[in-house]
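# Return a 3D structure for these sequence lines:
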Amino acid sequence: MTFIEQTIGQVLDQRAKTTPDKDALIVDGGVYTWKDVEAITNYIAKDMKDKGIMEGDHVGIIGKNSDAWLFHYMATVKIGAVAVLFNTRFTQNEIERCIALTNLKHMFYSVSGDGENY
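Model prediction:
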């Protein structure tokens, strides 16, 4: 196995430049090209920076698998923050313990289709 000397953000940007109109993500709601993925993750990354999230900050992400979850993950690592991923089956006590252990600065969460907050 050969490792590359690039960050995830750099790989995403490179892919968007080399194959901008190729399908990158196919979800129930439609298809995203690499150009779309780059634009969306850059938008979220800018919003994160505007909210004070900086390189090295620990950012929690919890929610069902979705395009929004993936875009927030990509934006988090793109700005150099540390993505702390939470299992949606964690209890409140487990979530609180993980927050304490990881020194989270911010948390992104989604609402499930049945109205349950994660």
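# For residue 25, which non-adjacent residue is closest in space?
Spatial nearest neighbour of residue 25, excluding adjacent residues (CB to CB, 6 or more residues apart in numbering): residue 32 at 4.3 Å. Where you see a C-beta, it was placed from the backbone N, CA and C, and this is true even at glycine.
# Please name the residues that touch the one you found.
Neighbouring residues of residue 32 by CB atoms under 8 Å, 6 or more residues apart in numbering: 23-26, 40, 67.
# which residues touch the residue minimising distance to the centre of the chain?
With distances taken as CA atoms, centre = their mean, residue 73 lies nearest the centre of the chain, 1.1 Å away. Applying CB under 8 Å, 6+ apart, we find residue 73 in contact with 61, 83, 85.
# May I ask which of those has the most neighbours?
Counting neighbours by other CB atoms under 10 Å, residue 61 leads the contacts of residue 73 with 20 neighbours.
# List the pairing partners of the helix or strand where the residue nearest to residue 25 lies within its sheet, with orientation.
Assigned by DSSP states H and E, residue 32 belongs to strand 30-33. Partners of strand 30-33 in the sheet, by DSSP bridges, are strand 23-27 (antiparallel).
# Can you list the buried residues in the strand it pairs with?
24-25 (16 or more other CB atoms under 10 Å).
# what does it rub up against?
In contact with strand 23-27 (CB under 8 Å, 6+ apart) are residues 15, 31-34, 36-37, 66-67, 70.
# Turn those residues into CSV, columns for distance to residue 97.
Output for the contacts of strand 23-27, formatted as CSV (distance: CB to CB, whole Å):
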residue, distance to residue 97
15, 37
31, 39
32, 35
33, 40
34, 38
36, 37
37, 33
66, 25
67, 29
70, 26
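# Grab the two from the residues you listed that are most spread out in space.
15 and 66 (20.7 Å; CB to CB).
# what phi and what psi does the backbone show at residue 2?
Torsion angles at residue 2 (phi, psi; degrees, to the nearest 10) stand at phi -110, psi 130.
# For residue 61, pull up the helix or strand it's in.
strand 58-62.
# Noted, bye for now.
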